[in-house]
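Trainee: Sharing a model that was predicted from the sequence below.
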Amino acid sequence: MAVIAAKELMKESMGPLTPDHEEQALSQLVADKKCFMESDRFKFTRRPYTAEQVALLSGTFPQSFASAEQADKCYNLLRSHQATGTCSHTFGALDPVQVTQMAQSLSTVYVSGWQSSSTASTSNEPGPDVADYPYDTVPNKVDQLFKAQMFHDRKQFEDRMRQTPEWRRSNPPVDFMRPIIADADTGHGGLTATMKLCKMFIERGAAGLHIEDQKPGTKKCGHMGGKVLVSTEEHCQRLVACRLQADILNCPLLVVARTDAEAATLLDNNMDPRDHSFIKGATIQLAESFSQTVRAGRDGGAWDKAAGTMTFPELVRPQLTMAQQQEWDAAVSEGLGLPGMMALATRMLGKAPFFDWEAARTTEGYYRIQGSTDFCIMRAKAFSPFADLIWMETGKPIASQAQYFATEVLKAVPHQMLAYNLSPSFNWDAAGMTDAEMESFIWDLAKMGYCWQFITLAGFHSDALGVTRFARAYKERGMGAYVNMIQRPEREEKVETLTHQKWSGAELTDQAQSVVTAGTSSTGIMSAGVTEAQFASKL
């Protein structure tokens with residue numbers, strides 16, 4: 001790894017660094033960082049900072065984490081899927097049972113902020129997904145799941161080494177070390193908060209994180225109303241902050257940029273010209289007395305209708321000839337700000353029409369926007385240099401929308417990997433798909449370039465459904481329900497938890513105790529008297 005040379009130099013100093021050693025250390029650290037940052041892994045990544053700036057922020061003790069290996073593994077996996085038009089599809093893991101059992105079938109793991117908010121807040125206060133939980137909540141869930149992965153990897157390895165080579169060849173091992181990609185919400189604050197959050201994820205084993213373009217403090221689940229976006233530029237800076245923190249920690253972290261611009265209705269400022277064509281304004285000048293009377297209805301009532309609220313392009317385009325529309329569309333798509341659009345409209349129409357986006361602002365001062373797939377496309381292209389994957393949050397699972405988004409984004413940035421949320425917030429039965437279309441949906445999206453897909457809350461929903469079914473049956477049928485609904489199916493489907501003592505690592509613990517006592521211990525967990533011996537058949 002790139003950190004080794006610098007570490008060896010530190011060891012050579014054998015004590016406090018002298019000024020000479022400091023110069024040498026910095027020089028070596030800069031060289032290491034430059035090698036890391038210019039590796040093939042980052043050939044599509046843009047950094048608005050230098051290796052020396054990263055080195056100066058890294059200190060004299062270069063750090064390394066297991067998450068670096070997991071990040072490389074995940075990146076290579078997803079690039080491979082992208083190249084073949086396939087994908088890694090997964091779901092949100094709720095606990096160590098789920099993360100270890102899903103390892104037998106799925107190649108990555110998702111950790112949901114929604115699930116953590118509702119079931120794992122470090123304040124132990126459950127609630128909806130509005131990111132008001134302590135910001136170590138999701139990193140702590142990652143920590144729990146990553147440690148479970150490592151434990152079951154150790155348990156399996158020790159168990160397999162007690163078997164014959166022939167048995168091992170006939171029974172391939174499970175890869176428990178499936179890379180984890182976790183929910184960073186909006187970064188939980190400003191850029192320094194985002195960097196600290198990113199650091200926690202890396203320290204706890206995450207291979208990647210996703211971060212969205214909503215505003216901290218008003219953040220909501222992507223399938224709730226009232227979402228407020230930050231400017232395109234502010235979110236680009238968040239992505240840069242994540243990459244900088246990962247570079248400091250020598251981790252090739254996967255950064256997934258999410259945009260909620262399809263359904264968001266508000267924007268916290270108008271500083272970025274790229275956002276201007278999506279901001280709504282009044283197109284009819286109203287008397288101040290009327291505005292005051294209907295102010296409460298400004299967010300979609302009588303004021304909207306009377307003021308003719310719409311975006312500036314929506315106002316101007318219908319007034320242009322077909323030839324002018326082509327020129328207009330090209331200029332607007334390049335991120336022409338409002339002053340530029342007004343100047344162009346003046347040239348084309350002789351006079352720019354009335355447009356007042358300040359009058360349309362909400363009582364909180366937010367600008368009102370027209371969410372759309374095109375808004376998402378614009379932001380995806382802006383985020384691309386700083387992100388490994390792009391995710392557009394959508395309101396419904398619509399294949400044609402996914403295709404349009406992928407086509408337009410990949411036309412501009414062909415290398416870009418895409419992600420898709422197969423959300424349980426969608427009513428899939430009302431999506432207009434046949435069962436066959438639902439079954440092929442994931443693989444249809446994969447061919448479009450969506451190489452990482454996930455059901456955010458499948459762990460949550462499967463847990464609730466399974467427990468509800470069993471509790472209802474157990475109430476009426478007692479142990480008959482347990483045996484028929486759980487123990488027999490576990491045996492028939494060779495589910496490891498049938499022998500739960502072994503699953504929990506009892507044999508590994510016995511082996512450790514035996515090593516410590518040189519084989520003299522008589523208190524082994526799995527020694528005479530363990531009832532699990534009743535399950536004589538080996539899973």
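Mentor: Done, it's in.

Trainee: how about the strands in the protein?
Mentor: For the chain, the strands defined by DSSP state E cover 88-91, 109-111, 180-183, 208-212, 228-229, 254-259, 266-267, 280-281, 310-311, 367-368, 389-392, 417-421, 450-455.

Trainee: Tabulate those strands (CSV), appending mean pLDDT, mean neighbour count and distance to residue 37.
Mentor: Backbone N, C-alpha and C define where each C-beta goes, glycine included. Below are the strands of the chain laid out as CSV (pLDDT from 0 to 100; neighbours: other C-beta atoms under 10 Å; distance: least, C-beta to C-beta, whole Å):
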stretch, mean pLDDT, mean neighbour count, distance to residue 37
strand 88-91, 98, 23, 26
strand 109-111, 98, 28, 27
strand 180-183, 98, 28, 22
strand 208-212, 98, 27, 18
strand 228-229, 96, 26, 30
strand 254-259, 98, 26, 14
strand 266-267, 96, 26, 33
strand 280-281, 96, 23, 41
strand 310-311, 96, 20, 39
strand 367-368, 96, 22, 37
strand 389-392, 98, 26, 19
strand 417-421, 98, 25, 19
strand 450-455, 98, 25, 24
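
Trainee: Just put these in JSON lines and tack on distance to residue 64.
Mentor: Below are those laid out as JSON lines (distance: least, C-beta to C-beta, whole Å):
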{"stretch": "strand 88-91", "distance to residue 64": "25"}
{"stretch": "strand 109-111", "distance to residue 64": "22"}
{"stretch": "strand 180-183", "distance to residue 64": "18"}
{"stretch": "strand 208-212", "distance to residue 64": "17"}
{"stretch": "strand 228-229", "distance to residue 64": "36"}
{"stretch": "strand 254-259", "distance to residue 64": "17"}
{"stretch": "strand 266-267", "distance to residue 64": "40"}
{"stretch": "strand 280-281", "distance to residue 64": "49"}
{"stretch": "strand 310-311", "distance to residue 64": "49"}
{"stretch": "strand 367-368", "distance to residue 64": "44"}
{"stretch": "strand 389-392", "distance to residue 64": "24"}
{"stretch": "strand 417-421", "distance to residue 64": "25"}
{"stretch": "strand 450-455", "distance to residue 64": "25"}
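
Trainee: Indicate which one of those strands is closest to residue 492.
Mentor: Residue 492 sits nearest to strand 88-91 of all the strands of the chain, at 23.5 Å, using C-beta to C-beta.

Trainee: Tell me which of the strands of the chain lies nearest to residue 29.
Mentor: For residue 29, the closest of those is strand 254-259, at 22.9 Å, according to C-beta to C-beta.

Trainee: Paired strands for that closest one, with orientation please.
Mentor: Here strand 254-259 is paired, per DSSP bridges, with strand 208-212 (parallel), strand 389-392 (parallel).

Trainee: and the last one, how far out from the chain's middle?
Mentor: If you compare the mean C-alpha spot of strand 389-392 with that of the full chain, they lie 9 Å apart, counting by C-alpha atoms, centre = their mean, to the nearest Å.

Trainee: Go ahead and name everything in contact with it.
Mentor: Strand 389-392 is contacted by residues 78, 210, 254-259, 261-262, 373, 376, 380, 383-384, 405, 409, 416-421, 451-452 when judged by C-beta atoms under 8 Å, 6 or more residues apart in numbering.

Trainee: Next, count neighbours for the closest residue in space to residue 112 that isn't next to it in sequence.
Mentor: Computed as C-beta to C-beta, 6 or more residues apart in numbering, the closest residue to residue 112 that is not its neighbour in sequence is residue 92, at 3.7 Å. Each residue near residue 92 was counted by other C-beta atoms under 10 Å, and the total is 25.

Trainee: what does residue 52 give?
Mentor: Around residue 52 sit 14 other residues, with neighbours defined as other C-beta under 10 Å.

Trainee: That one against residue 27, yeah?
Mentor: No. Applying C-beta atoms under 8 Å as the test, residue 52 and residue 27 come out as separate, 9.7 Å apart.

Trainee: re the thing from before, please determine how far the residue nearest to residue 112 is located from residue 116.
Mentor: With distances taken as C-beta to C-beta, to the nearest Å, residue 92 is found 9 Å from residue 116.

Trainee: for residue 423, same thing?
Mentor: Separation of residue 423 from residue 116 (C-beta to C-beta): 16 Å.

Trainee: May I have the residues that are in contact with the nearest residue to residue 221 once chain neighbours are set aside?
Mentor: Leaving aside its sequence neighbours, residue 221 sits nearest to residue 129 (C-beta to C-beta, 6+ apart; 3.8 Å). Contact partners of residue 129, counting by C-beta under 8 Å, 6+ apart, are 113-114, 117-118, 220-221, 224.

Trainee: Where does confidence bottom out across those residues?
Mentor: Minimum pLDDT for these is recorded at residue 224 (72).

Trainee: Now the phi/psi pair for that residue, please.
Mentor: Main-chain dihedrals, residue 224, degrees, to the nearest 10: phi -110, psi 170.

Trainee: Out of the contacts of residue 129, which end up buried?
Mentor: Listed as buried from the contacts of residue 129 are 113-114, 117-118, 220-221; burial here means 16 or more other C-beta atoms under 10 Å.

Trainee: Residue 36 against residue 251, yeah?
Mentor: No. Residue 36 is not in contact with residue 251 according to C-beta under 8 Å; the separation is 9.6 Å.

Trainee: The two - which one has more neighbours?
Mentor: Per other C-beta under 10 Å, whichever of residue 36 and residue 251 has more neighbours is residue 251, with 28 against 20.

Trainee: Pull up the per-residue confidence for the nearest residue to that one once chain neighbours are set aside.
Mentor: Leaving out its chain neighbours, the residue that sits closest to residue 251 by C-beta to C-beta, 6+ apart is residue 68, at 4.4 Å. Confidence at residue 68, expressed as pLDDT, is 98.

Trainee: again, but for residue 164
Mentor: The model's pLDDT for residue 164 equals 96.

Trainee: dump the residue contacts of it.
Mentor: Under the criterion of C-beta under 8 Å, 6+ apart, residue 164 has no neighbours.

Trainee: For it, give me phi and psi.
Mentor: Here is the backbone geometry of residue 164 (degrees, to the nearest 10): phi -80, psi 160.

Trainee: Who are the contact partners of the most centrally placed residue in the chain?
Mentor: Nearest residue to the geometric centre of the chain (C-alpha atoms, centre = their mean): residue 210, 2.8 Å. Counting by C-beta under 8 Å, 6+ apart, residue 210 touches 181-184, 255-258, 389, 391, 419.
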